[in-house]
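Chemist: Fold the stuff below for me.
(one chain, ligands or ions: 1)
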Amino acid sequence: MPLKTTLICPSIAGRGFNSLKQGMDAGWISHGLASLSAAAKAQGFEVDLIDLRALSGWGHFREVLAERDPDVIGVTMMSVDYNPARQAIAIAKEFKPEIVTVIGGPHVTIALEDSLRIPHVDYLVTREGEVTFPSLLRAIEEGHAPPHRVLRGEMPDLDAIPIADRDLFLNEWQKWGYDLDSPEVPFVEELPPPFVTIIAGRGCIYNCAFCKPGEDYLFGKRTRRRSVANVIAELEMLHKRYHFASFMFHDDCLTEDREWVIEFTEGYKARGFTQPFFCQTRADIIAKHEDMVARMADAGLRGYFVGFESGNDRVLKFIRKGTTVEQNRQAARICRKYGISIWANYMMGLPTETEEEVMDTVRLMKEIDPDYYSPAFFTPHPGTDLYDYAVEHDLSRITDYDSYRRNPTEPKIKGQDYEFLKWAMAESQRRKPFNAFKRWGRRQWRRTRRATPAKVMHKLGLARA
Ligand code: B12
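Modeler: Residues are numbered from 1 along each chain as shown. All right, here's what the predicted structure looks like:
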């Protein structure tokens with residue numbers, strides 16, 4: 001009998017069971033699992049998925065697991081996924097004691113000691129899994145499973161690994177009533193369905209204290225980017241298969257390498273793509289490379305996720321962002337100039353941050369007037385220098401892994417007044433009346449630009465089937 005493997009997506013810390021389609025964290029695939037699936041299938045393994053977001057509860061999970069009856073389960077895990085991942089593993093071993101349990105993902109790599117304490121785990125794979133996971137499956141199948149529990153994942157050549165297996169998710173979601181208008185859930189009006197997400201590379205050369213060095217452990221210190229030809233080939237396949245009308249790059253900072261971006265915009269246009277897309281970037285890069293921004297806008301870029309983080313230079317320095325408030329302002333001006341929507345990421349409640357410094361961020365947001373606000377209470381994540389700082393100074397108020405999720409209301413560190421921060425967060429998102437009017441104008445303009453005769457006919461119900 002061939003070995004049967006079930007991958008488990010435990011991402012229910014944010015929205016719970018039965019949450020498919022409710023926003024990004026419940027409407028996007030895990031590229032980690034999709035990539036492992038593609039790599040394992042390429043070696044002839046049978047792989048399926050249980051996505052907890054599609055199920056109604058732990059009883060349902062037990063039923064589905066019993067139906068699938070896998071020999072191996074592979075669970076992915078960010079720090080925020082710890083509780084549901086642990087529970088899924090416990091249930092699997094209870095159901096079938098001889099099942100082989102494997103875990104991997106950011107938390108396993110970044111907090112290995114902690115992950116080793118999870119009961120019933122047979123193997124922990126650190127770093128990347130495309131080479132190591134199929135090798136482990138082969139060893140298990142052939143009856144010579146490794147004697148040691150921790151396996152260090154081998155770094156794959158990103159141009160050589162198979163394209164992420166989105167059907168792993170889509171087939172599973174379809175079983176539970178997901179209608180598949182769109183492979184993944186679009187999240188802004190600039191990006192119409194069908195929508196997909198894609199990753200052009202791994203790693204990030206910057207050194208922000210709220211993220212690093214954790215991510216270096218996962219992907220290495222340098223960014224490894226796929227060739228432009230490889231990314232365009234994936235987009236061509238995605239278009240053929242899912243007819244995507246828009247997409248988003250997940251790369252931490254796609255614009256890090258100007259030459260790569262320019263080559264991409266040329267290749268994208270040359271292949272006749274016009275679909276709008278979003279990506280993540282930094283204010284200093286926008287400010288320094290306006291020419292690149294212009295080319296991206298011309299190729300279809302409709303929005304940037306920008307980590308503005310703070311409106312105060314001391315705070316930006318403290319978190320090692322490597323940007324200035326002036327660059328934040330300049331970046332926003334450049335985005336406006338090219339009609340690029342701004343998704344503003346920023347935080348409040350950092351260690352050492354005063355109320356006056358928080359107010360600088362409130363003022364900056366009013367000035368920038370982003371299209372989308374994405375504020376967070378600073379959360380110390382394991383594996384980062386600011387986490388170590390919070391531990392050394394006895395600041396952390398996080399008592400459960402669930403609190404690593406974003407945007408909740410609970411306090412994260414000592415020394416901050418969360419009532420004030422809640423007020424400041426709301427105030428930062430209150431548009432001045434004139435700005436609200438300008439935003440309304442921008443939205444109308446975008447809508448007219450998108451209204452092709454075919455779309456208008458469709459809206460009026462006059463389109464031919
Ligand atoms: C896209 C993304 C999201 C998306 C979607 C996540 C998803 N469905 O996967 C959204 C926006 C929803 C999101 C949300 C959050 N995210 Co996020 N996200 C990312 C991002 C940018 C890309 C993830 C990705 O696809 N990577 C590429 C794939 C190929 O890598 P991978 O998933 O790590 O998988 C590889 C290995 O880890 C390993 N592996 C993974 N699983 C398994 C399982 C087995 C069995 C094996 C053998 C191996 C293995 O092999 C895989 C292939 O090589 C990463 C940063 C990054 N560059 O990775 C952050 C990142 C994963 N996110 C992070 C965080 C903190 C969050 C949030 C908690 C808060 C936030 N910053 O917004 C929320 C939590 C959401 C929730 N559940 O409540 C952290 C995790 C840190 C940690 N200690 O866990 C990261 C690393 C960013 C960072 N440096 O801070 N995120």
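
Chemist: Counting neighbours, what do you get for residue 229?
Modeler: 11 (other C-beta atoms under 10 Å). From N, CA and C alone the C-beta is placed, and that goes for glycine too.

Chemist: Look up the closest residue to it, ignoring the ones flanking it.
Modeler: Ranked by C-beta to C-beta, 6 or more residues apart in numbering and with sequence neighbours excluded, the top spatial neighbour of residue 229 is residue 267, at 7.2 Å.

Chemist: so who does the one you found touch?
Modeler: Applying C-beta atoms under 8 Å, 6 or more residues apart in numbering to residue 267 gives the contacts 228-229, 232.

Chemist: Dump those residues into a markdown table; add secondary structure and pLDDT as well.
Modeler: Output for those, formatted as a markdown table (DSSP: H, G, I helix; E, B strand; the rest coil; pLDDT from 0 to 100):
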| residue | secondary structure | pLDDT |
| --- | --- | --- |
| 228 | helix | 98 |
| 229 | helix | 98 |
| 232 | helix | 98 |
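
Chemist: Just give me the neighbour total for residue 31.
Modeler: Quick note: residue 31 (other C-beta under 10 Å) scores 17 neighbours.

Chemist: residue ranges with poor pLDDT in the stretch 151-300 of the chain?
Modeler: Applying pLDDT under 70 to the stretch 151-300 of the chain flags no residue at all.

Chemist: Try it again at 90.
Modeler: Residues of the stretch 151-300 of the chain meeting the criterion pLDDT under 90: 176-183.

Chemist: can you pull out the helices in it?
Modeler: 166-175, 214-219, 228-242, 258-270, 283-288, 290-299 (DSSP state H, counting those that start in this stretch).

Chemist: Name the residues of the last one that come out as buried.
Modeler: Going back to what we said before, that points to helix 290-299. Burial within helix 290-299, assessed by neighbour count using 16 or more other C-beta atoms under 10 Å, is assigned to 292-297, 299.

Chemist: Including distance to residue 97, could these go into a markdown table?
Modeler: Shown next, in a markdown table, are the buried residues of helix 290-299 (distance: C-beta to C-beta, whole Å):
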| residue | distance to residue 97 |
| --- | --- |
| 292 | 56 |
| 293 | 57 |
| 294 | 61 |
| 295 | 58 |
| 296 | 54 |
| 297 | 57 |
| 299 | 54 |
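
Chemist: Contacts for stretch 282-291, please.
Modeler: Applying C-beta under 8 Å, 6+ apart, the contact partners of stretch 282-291 are 206, 253, 255-256, 258, 292-293, 304, 306-308, 322-324, 327-328, 330-332, 334-335.

Chemist: could you flag which of these are buried?
Modeler: Looking at those with 16+ other C-beta under 10 Å, the buried ones turn out to be 206, 253, 255-256, 292-293, 304, 306-308, 323, 327-328, 330-332, 334-335.

Chemist: what does the stretch 51-200 of the chain have sitting close to the ligand?
Modeler: Residues of the stretch 51-200 of the chain lying near the ligand by C-beta under 6 Å from any ligand atom: 74-76, 78-80, 102-107, 110, 125, 128-130, 133, 199.

Chemist: By neighbour count, sort out the buried ones in those.
Modeler: Neighbour-count burial (16+ other C-beta under 10 Å) applied to those gives 74-76, 78-80, 102-107, 110, 125, 128-130, 133, 199.

Chemist: Surely residue 70 forms part of a helix?
Modeler: No. Per DSSP: H, G, I helix; E, B strand; the rest coil, residue 70 lies outside any helix segment and is coil.

Chemist: Near the ligand, which residues of the stretch 251-400 of the chain are found?
Modeler: Contacts of the stretch 251-400 of the chain with the ligand, taken as C-beta under 6 Å from any ligand atom, map to 252, 381-383.
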